[in-house]
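> After the sequence you'll find the predicted model.
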Amino acid sequence: MITLKSRDEILKMRKAGAIAARVLIELGAMIRPGVSTLELDKAAERIITCSGAKPSFKGYNGFPKSICASINSEVVHGIPSRRIRLAEGDIVSIDVGVCLEGWHADIADTFAVGRISGEDAKLVLAAKKSFQEGLKYAREGMRMGDISAAIEAAAAREGCTVVRELVGHGIGRTLHEEPNVPNFGNAGRGIRLKEGMTLAIEPMLSAGKCEVKVQGDGWTVVVADGSKSSHYEHTVAITDGEPEILTLP
Ligand code: MG
């Protein structure tokens, strides 16, 4: 079931989103060679709990940490660890979920660690560009396929493929709810978008082939052919006009 949110409920999600956005900014400033992903996780948890909120991911289906940190060919769901340290030339996707007074917000971005190759910089930017293309169709009266097709086309223009096994999602009182927001599809198809829908739109791209597999830890999703991956996400509300990004500081 797709739940439509009132203006008041969207305002609550915006408050959760502001915390999530602030966490991502703070973590972005910490990213440098030698930092462990556990240090990033600890900082995130501190900011979230000091804001009176909870990390949405911690304990979700048994996920053990507060953020996901996914390096290079890892797409999503990387588990922060003391043993995993960022290295010069890595790209790292940081995904943050915040729950404030029962309302969730979800945000992600991919960061450069030190100096990265031009090819990797292009991959990182491609995720953001495809999000922005998809966002143009996040309006009442459009169809889900309009968002999906725009993301897929933008990724292809940048020479990337989109991961198909993982998709964006509705979000609200639960972290993941209906509808699915695929990063591939056909314009003019799928459900019609309505005011009050709140969606986590999150392109997950590969520089190579789009197939993925899950690592032995049961969580970390990697590109099967070992190509690098980028990820960009915001929580967005559909309105009767411009889409509203809820994950802004
Ligand atoms: Mg998400």
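Here it is on my side, so go on.
> What is the burial count for E26?
16 (other C-beta atoms under 10 Å). (Each C-beta comes from the backbone N, C-alpha and C, glycine too.)
> Over to I238?
For I238, using other C-beta under 10 Å, the count is 22.
> how near is it to the ion?
16 Å (C-beta to the ion, to the nearest Å).
> Just give the nearest non-adjacent residue to that residue, would you?
M197 (4.3 Å; C-beta to C-beta, 6 or more residues apart in numbering).
> my guess is the one you found contacts T235, does it?
No. Contact criterion C-beta atoms under 8 Å: M197 and T235 do not qualify, at 11.2 Å.
> and the two? which has more neighbours close in?
T235 (31 against 25).
> I'd like the average pLDDT over the helix or strand hosting that one.
Per DSSP states H and E, T235 falls inside strand 234-237. Average pLDDT, strand 234-237: 98.
> and P243, how many neighbours?
P243: 22 neighbours (other C-beta under 10 Å).
> mind starting the numbering at 150 from now?
All right, first residue 150 from here; so that's P392.
> Apart from its neighbours in sequence, what residue is nearest it?
Here the residue nearest P392, using C-beta to C-beta, 6+ apart, is A287, at 4.0 Å.
> which stretch of helix or strand covers R264?
With DSSP H and E as criterion, R264 is part of no helix or strand.
> Any idea how many residues pack against it?
10.
> wait, what's in contact with it?
For R264, the contact set (C-beta atoms under 8 Å, 6 or more residues apart in numbering) comprises 237-238.
> Could you tell me what pLDDT the model assigned to it?
So, for R264, pLDDT stands at 98.
> same deal with the one 10 residues further on?
Among the per-residue scores, L274 holds a pLDDT of 98.
> Check T369 too.
98.
> quick one: contacts for the closest residue to it other than its chain neighbours?
Excluding its sequence neighbours, the residue lying closest to T369 (C-beta to C-beta, 6+ apart) is G227, at 5.0 Å. Contact analysis of G227 by C-beta under 8 Å, 6+ apart lists 186, 217-220, 233, 242, 368-369.
> near the ion, which residues of this protein?
255, 349, 351 (C-beta under 5 Å from the ion).
> could you redo the last one with a cut-off of 6 Å?
255, 318, 349, 351, 382 (C-beta under 6 Å from the ion).
> Next, format the residues you listed as TSV and append secondary structure and neighbour count.
Listed next are the residues of the chain next to the ion as TSV, based on DSSP: H, G, I helix; E, B strand; the rest coil; neighbours: other C-beta atoms under 10 Å:
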residue	secondary structure	neighbour count
D255	strand	30
H318	strand	21
A349	strand	26
E351	coil	26
E382	strand	27
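> before we move on, the earlier item: now flag whichever of the contacts of G227 is closest to the ion.
C217 (9.3 Å; C-beta to the ion).
> in the sheet, who's paired with the closest one?
Counting by DSSP bridges, C217 is bridged to D244.
> That one: what's it in contact with?
C217 touches 206, 225-229, 242-244, 257, counting by C-beta under 8 Å, 6+ apart.
> cool, A218 as well?
186, 189-190, 227-229, 233, 241-244.
> need the residues you listed in CSV with pLDDT, can you?
Below are those laid out as CSV (pLDDT from 0 to 100):
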residue, pLDDT
T186, 98
L189, 98
D190, 98
G227, 98
I228, 98
P229, 98
I233, 98
V241, 98
S242, 98
I243, 98
D244, 98
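> now these in JSON lines, with secondary structure?
Output for those, formatted as JSON lines (DSSP: H, G, I helix; E, B strand; the rest coil):
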{"residue": "T186", "secondary structure": "helix"}
{"residue": "L189", "secondary structure": "helix"}
{"residue": "D190", "secondary structure": "helix"}
{"residue": "G227", "secondary structure": "coil"}
{"residue": "I228", "secondary structure": "coil"}
{"residue": "P229", "secondary structure": "coil"}
{"residue": "I233", "secondary structure": "coil"}
{"residue": "V241", "secondary structure": "strand"}
{"residue": "S242", "secondary structure": "strand"}
{"residue": "I243", "secondary structure": "strand"}
{"residue": "D244", "secondary structure": "strand"}
